[in-house]
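Enquirer: Sequence plus predicted model, see below.
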Amino acid sequence: MARTRAQRRRQTLFLALALAATLLALLFARDVTRSAHGAIGPRRSENRSFGQLASQLVAQENEFDSHLAYLLANGQSLTRPVFAARLGQLDQLLPTWVSEADQLRRPRLAHGINDAVAQLTEQRVDAYQSLLASVARALSLPWPAIPASSKAVADPAQTLLDTSREWNFDRWGLALEPGRVTLPALASASATFDATNGLSTLFAAPSLAPARGIGIAAVEVTPSPLPAPAGTLVLSPVTSIRLGVSVVNAGYVNQPVTLRVTLRPAHGAAQSQTISTTLGPLRSFAFVPNLFTTAPSEHATLTISLIGAPAASGMTRSRTYQVTMAPSGNG
């Protein structure tokens, strides 16, 4: 049966509509494909850029861990000043990690990997600072207080082991994302060494034990004494004198020291002053007591003594002088 003109028109219209729909679908698919590729490209770049920076941070932590583990295992062969200097150098590296990790928080990546890096780094910095402080405290080494921005960690070795295990799980977060980034693992040699009681040998090392010693280095009297034998001070007829006492801390340890000065005249009441301070390692300090009242023709005994530690080698903790005041010259 021959088709009518109306039927042919309808068929042509249907074919045109089908062709238009197919063309629109192809255009839409092309736009979707382009959009997807456009989104994957920046994500791939962000993931790889993050991976490079995060890997550098992890490499710093692993190098730090290696140096600390070596220092803890071999520190007994060092002197106290050298060991303290190396421990302090490591401590100074820690604050930079927090700043570097914080910069990795943006842009946000898949699976919250940014926050994982920042939070775990902060926890590890706190743990390392507490570990270093505990070592310094056990050896009586001079050590700064833990910064207010940090938190003291009761068991730093365990915290380091826990955060290492957590990171070694999180580091695979971008492995299936654009860029296929796999971050390096965290080492924990120093924490393992500490956790297995390896520090007992370090703490018992004779070379790291504090050797305390103090001594009087010099005594200055104003006005200057006249020539006289050792142990005797002949002074001009003044109504008061001032003393300056230089004290040395010969040990590499913070040392509380108390100076006691007594001027005891042959007749009359004694004058005594006591001053206390804490001397840093291998440091000197000049004590300057208040003026001592004197009188012409007076005879007295001046006693200077130190309390706080044994006398350092070749030094003394006390000095005694016989004081003679010259006559006034009147009459």
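Expert: Noted; the coordinates are in hand.

Enquirer: distance between the helix or strand harbouring Asp102 and the chain's centre?
Expert: In this assignment (DSSP states H and E), Asp102 forms part of helix 80-103. Relative to its chain's centre, helix 80-103 lies at 6 Å (Cα atoms, centre = their mean, to the nearest Å).

Enquirer: Tell me the buried residues in whatever helix or strand comes next after that helix?
Expert: Using DSSP H and E, the helix or strand that directly follows helix 80-103 along the chain is helix 113-138. Neighbour counts using 16 or more other Cβ atoms under 10 Å place 113-114, 116-136 of helix 113-138 among the buried residues. The C-beta positions use only the backbone N, C-alpha and C, and glycine is treated the same way.

Enquirer: the inter-axis angle of helix 113-138 versus helix 80-103?
Expert: 160 degrees (axes from the mean of the first three to the mean of the last three Cα atoms, to 10 degrees).

Enquirer: Could you measure from the nearest residue to Ala326 once chain neighbours are set aside over to Gln322?
Expert: Of all residues not flanking Ala326 in the chain, Pro237 sits nearest, at 4.9 Å (Cβ to Cβ, 6 or more residues apart in numbering). Remark: distance between Pro237 and Gln322 (Cβ to Cβ, to the nearest Å) = 17 Å.

Enquirer: Next: Arg165.
Expert: Relative to Gln322, and taking Cβ to Cβ, Arg165 is found at 73 Å.

Enquirer: Next up, the contacts around Ala205.
Expert: Counting by Cβ atoms under 8 Å, 6 or more residues apart in numbering, Ala205 makes contact with Gly75, Gln76.

Enquirer: Ramachandran angles for it?
Expert: For Ala205, the backbone dihedrals (degrees, to the nearest 10) come out as phi -70, psi 130.

Enquirer: Can you name the residues that contact the residue positioned nearest the centre of the chain?
Expert: Closest residue to the average C-alpha location of the chain: Asp91 at 3.8 Å, with Cα atoms, centre = their mean. Each residue near Asp91 by Cβ under 8 Å, 6+ apart is listed here: Gln129, Leu132.

Enquirer: Could you do Leu226 as well?
Expert: Counting by Cβ under 8 Å, 6+ apart, Leu226 makes contact with Val234, Leu235, Ser236, Ala326.

Enquirer: Narrow the residues you listed to those that are buried.
Expert: Buried members of those, scored by 16+ other Cβ under 10 Å, are Leu235.

Enquirer: Most widely separated two among the contacts of Leu226?
Expert: Spanning the widest gap among the contacts of Leu226 are Val234 and Ser236, at 8.5 Å by Cβ to Cβ.

Enquirer: Find residues that contact each of the two.
Expert: Any residue near both Val234 and Ser236 by Cβ under 8 Å, 6+ apart counts here, and that gives Leu226, Ala326.

Enquirer: For the closest residue to Ser240 other than its chain neighbours, give its distance to Met325.
Expert: Leaving aside its sequence neighbours, Ser240 sits nearest to Leu291 (Cβ to Cβ, 6+ apart; 4.3 Å). Leu291 is 14 Å from Met325, where distance means Cβ to Cβ.

Enquirer: neighbour count winner among these two?
Expert: Per other Cβ atoms under 10 Å, whichever of Leu291 and Met325 has more neighbours is Met325, with 21 against 13.

Enquirer: Tell me who's in contact with the more buried one.
Expert: Applying Cβ under 8 Å, 6+ apart to Met325 gives the contacts Leu235, Ser236, Pro237, Val238, Thr294, Ala295, Pro296, Ser297, Glu298, His299, Ala300.

Enquirer: Go through those residues and say which is closest to Pro225.
Expert: Within the contacts of Met325, the smallest distance to Pro225 is 5.7 Å, found for Leu235 (Cβ to Cβ).

Enquirer: That closest one is in contact with Ala326, isn't it?
Expert: Yes: between Leu235 and Ala326 there is a contact under Cβ atoms under 8 Å: 6.7 Å.

Enquirer: ok, Thr301 - how many residues close by?
Expert: Thr301 has 14 neighbours, counted by other Cβ under 10 Å.

Enquirer: Distance from the helix or strand where it lies to the middle of the chain?
Expert: In the assignment (DSSP H and E), Thr301 maps to strand 299-307. Relative to the centre of its chain, strand 299-307 is centred 42 Å away, using Cα atoms, centre = their mean.
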